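# give me a model of this one.
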Amino acid sequence: MYSQVDIRRIHLEMTTRCNAACPMCSRNERGGFQIADLPQVDLTLLEVQRMLPPHFIEQLEQVWLCGNYGDPIIAPDTLEVLTYLKAVNPKIRLGLNTNGSARKPDWWQRLARVLDHCHFGIDGLSDTNHLYRRRTHWNVIMANAAAFIDAGGAAHWEFIVFRHNEHQISEAQELARTMGFRKFRLRKTGRFFFDGQLHPALDIQDTSGKTIYSIEPPIDICLRNASSAELGGIASERNGYANYLDTTLIECKAQTERELYISAEGLVFPCCYLASWYRGSRRKRDAQFQKLLEQHGGRNSIDARLRPIGEIIEGGIYRGIVTSWSQPSVAQGRLATCSGTCGGDSPNRHQYTNAIYLKPVHRDERDTH
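So this is what the prediction gives:
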């Protein structure tokens, strides 16, 4: 696929733990309860130092802290890991995605000194954000974002659009401006397309499995994910989606951007999509990729705590991934995950609108919130 000297970006999952229960997140069953087979683990500073030694960090352009299952602000060593990376390579760009609803303001002030930009996932205002970002607290988010911004941090507001918050876009953008956020960007989620079909809504359940409310796409068609609608049409045809997975052109984003994904268990994948090991009952495990992995040495063959990253990505499993793309069908070995996420009509390609750069507001002019 590529060699270690080619890598320029690392997508680092610091933890599988999270304070929130977002209903479309891979860690939850419709937001009600955590999937049963998800381990609760964090990467430590020592583990990161072993996996990412100084000579490797020096060639990197960016490290991004996000993940499939956890929020990096929950991991105990996140600030220490960022400090280590910046000390080794002062030119490296460090970013982080978060719901913002954990830690104290003083931690966020320290974060602002080492982080290049922080993307806050805030999907609405005080009366709506919690409908998707379940178990988060508006006042905590606002205090932490303000502390980060006032300490000089570059904050970006990312707003996933749903029916229940689409009327608040302008107000949220103005709040972002007055608080001092640098950018405001809308996200058009592709996650209403799952289990091979487009769903009109997602029922949110409590821990007993009882539906308590539903999340729906925005009414405004322009705010919906166009690829999800296209795939929904394909899926409605007889064998349409299966044929799409067999024939779509795969353009690997990780390969193009020379990126790797390192999970909270220290496992090295090309991307976060192949790293979705734990899916619960609503989304079955990707047995196809796991079978391929077993053919090339199993889990230990991609564990960066056991072997160098260069050895992993130059090994058989990575060659097997690339080879799979040329197979004539999923049944004959083409990885369905690669077709579904990096195929020509993937919802992941059309989830963002252009970022709005916000005119700076002098600190004395900022509104209270």
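# please, where are all the helices along the stretch 1-150 of the chain?
Along the stretch 1-150 of the chain, the stretches classed as helices by DSSP state H, counting those that start in this stretch are 45-51, 54-57, 78-88, 105-111, 129-132, 138-150.
# reformat these as TSV; add distance to R182, mean neighbour count and mean pLDDT.
No exception for glycine: its C-beta is placed from N, CA and C like everyone else's. Output for the helices of the stretch 1-150 of the chain, formatted as TSV (distance: least, C-beta to C-beta, whole Å; neighbours: other C-beta atoms under 10 Å; pLDDT from 0 to 100):
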stretch	distance to R182	mean neighbour count	mean pLDDT
helix 45-51	27	17	98
helix 54-57	26	14	97
helix 78-88	19	20	98
helix 105-111	15	18	98
helix 129-132	20	22	96
helix 138-150	9	20	98
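# tell me which of those sits nearest to L245.
Relative to L245, the nearest member of the helices of the stretch 1-150 of the chain by C-beta to C-beta is helix 129-132, separated by 28.5 Å.
# which residues of this protein score low on pLDDT?
For the chain, applying pLDDT under 70 flags the ranges 1, 30-32, 238, 279-286, 345-353, 360, 362-369.
# can you rerun that using 50?
Residues of the chain that meet the criterion pLDDT under 50 lie in 281-285, 368-369.
# out of the helices of the stretch 1-150 of the chain, the one nearest Y213 is which?
Closest to Y213 of the helices of the stretch 1-150 of the chain, according to C-beta to C-beta: helix 129-132, at 7.4 Å.
# against which helices or strands is the closest one packed?
If you count contacts as 3 or more C-beta pairs under 8 Å, 6 or more residues apart in numbering; DSSP states H and E, helix 129-132 packs onto helix 138-150, strand 211-215.
# hmm, who's touching that helix?
Helix 129-132 is contacted by residues 22-24, 122-124, 136-138, 141, 160, 162, 164-165, 213, 215 when judged by C-beta atoms under 8 Å, 6 or more residues apart in numbering.
# nearest to T178 among these?
Nearest to T178 among the contacts of helix 129-132, with distances taken as C-beta to C-beta, is I122, at 14.0 Å.
# show me the contacts for that closest one.
Counting by C-beta under 8 Å, 6+ apart, I122 touches 99-100, 129, 133, 141, 145, 157-159, 172.
# out of those, who has the most neighbours?
Within these, G100 tops the neighbour count with 29 neighbours, counted by other C-beta atoms under 10 Å.
# give me the distance between the nearest residue to W325 once chain neighbours are set aside and F289.
Computed as C-beta to C-beta, 6 or more residues apart in numbering, the closest residue to W325 that is not its neighbour in sequence is I250, at 4.8 Å. Note on I250: its distance to F289, by C-beta to C-beta, to the nearest Å, is 14 Å.
# and what of R224?
Between R224 and F289 the computed distance is 29 Å (C-beta to C-beta).
# who has more neighbours out of the two?
Shown here are R224 and F289; by other C-beta under 10 Å, F289 has more neighbours (23 against 18).
# after the one helix or strand that one maps to comes which helix or strand?
Applying DSSP states H and E as the criterion places F289 in helix 287-295. Sequence order places helix 309-313 as the next helix or strand after helix 287-295, per DSSP H and E.
# any idea how far that following helix is from the chain center?
On the basis of C-alpha atoms, centre = their mean, to the nearest Å, helix 309-313 sits 23 Å off its chain's mean C-alpha point.
# so can I have JSON lines of the helices of the stretch 1-150 of the chain showing distance to R299?
What follows is those, written out as JSON lines (distance: least, C-beta to C-beta, whole Å):
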{"stretch": "helix 45-51", "distance to R299": "15"}
{"stretch": "helix 54-57", "distance to R299": "22"}
{"stretch": "helix 78-88", "distance to R299": "23"}
{"stretch": "helix 105-111", "distance to R299": "33"}
{"stretch": "helix 129-132", "distance to R299": "33"}
{"stretch": "helix 138-150", "distance to R299": "36"}
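# ok, which of those comes nearest A304?
helix 45-51 (4.2 Å).
# what's that closest one packed up against?
helix 78-88.
# which neighbouring elements make contact with the helix it packs on?
For helix 78-88, the packing partners by 3+ C-beta pairs under 8 Å, 6+ apart are helix 45-51, helix 54-57, strand 62-66, strand 93-98, helix 105-111.
# ok, the third one: who's next to it in the sheet?
Translated: strand 62-66. The strands beside strand 62-66 in its sheet (DSSP bridges) come out as strand 9-13 (parallel), strand 93-98 (parallel).
# OK, contacts around the closest residue to R103 other than its chain neighbours?
Distances taken as C-beta to C-beta, 6+ apart place I73 nearest to R103, at 5.5 Å, with adjacent residues excluded. Neighbouring residues of I73 by C-beta under 8 Å, 6+ apart: 96, 98, 100, 102-103.
# again, only using 10 Å
14-15, 18-19, 65, 79, 96-103, 107-108, 111, 118, 144 (C-beta atoms under 10 Å, 6 or more residues apart in numbering).
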